[in-house]
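prediction below, plus the sequence it came from.
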Amino acid sequence: MREVTAACELRGLRLTEIRSQVLELIAASEKPIKAYDLLDRLKDDRSNAAPPTVYRALDFLLENGFIHKLQSINAYVSCHHPSVVHQVPFLICDVCESAIEICDEHVADMLNDQAKTLGFRPRAQTLEVHGVCKRCGAA
């Protein structure tokens, strides 16, 4: 939260109470969390919370690189490096639904380089690898 607050101040962004609360809920979650689960948790404090409220907060957090959306499972995770805009791959466990952010931009750089070599102009990149994590594999 400190990093996101500092990044917002530096970039002149407004971290509203609802945006902050959504970010805290995502960060506190042990696994990727879906928008409607966020809404349910928000309703504990804000009985009038509605889907548009959550989605606007998620859009702000995504656009500014404070969270990541895991497209294949339609869920959100907090970013380990919110002060740096980056694209990184994720390993997603199909058993426990955990998600591990690979903090190595070599894969993203390699994909961008290959795309450019083929005359393709990438706008966004999502790389998600599904499988079984070490803990679940040992069980």
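Received the coordinates, thanks.

neighbours of Cys8, how many?
Residues near Cys8, counting by other Cβ atoms under 10 Å, number 19. For the C-beta atoms, the positions are set from N, CA and C on the backbone; glycine is no exception.

three-state assignment of the residue most central in space within the chain?
The C-alpha lying nearest the average C-alpha coordinate of the chain belongs to His68 (Cα atoms, centre = their mean; 1.7 Å). When classified by DSSP: H, G, I helix; E, B strand; the rest coil, His68 comes out as strand.

and the helices in the protein?
Listed in chain order, the helices of the chain (DSSP state H) span 2-11, 17-28, 35-42, 51-63, 106-117, 134-138.

pLDDT at the residue nearest to the centre of the chain, what is it?
Looking at His68, its pLDDT reads 92.

let me see the contact set for it.
His68 is in contact with 62, 76-79, 88, 90, 101, counting by Cβ atoms under 8 Å, 6 or more residues apart in numbering.

just put the residues you listed in TSV and tack on pLDDT, distance to Ala115 and neighbour count.
Converted to TSV, the contacts of His68 look like this (pLDDT from 0 to 100; distance: Cβ to Cβ, whole Å; neighbours: other Cβ atoms under 10 Å):
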residue	pLDDT	distance to Ala115	neighbour count
Leu62	93	22	14
Tyr76	96	26	25
Val77	95	25	21
Ser78	91	28	21
Cys79	87	23	25
Val88	80	17	18
Phe90	93	19	21
Glu101	90	22	16
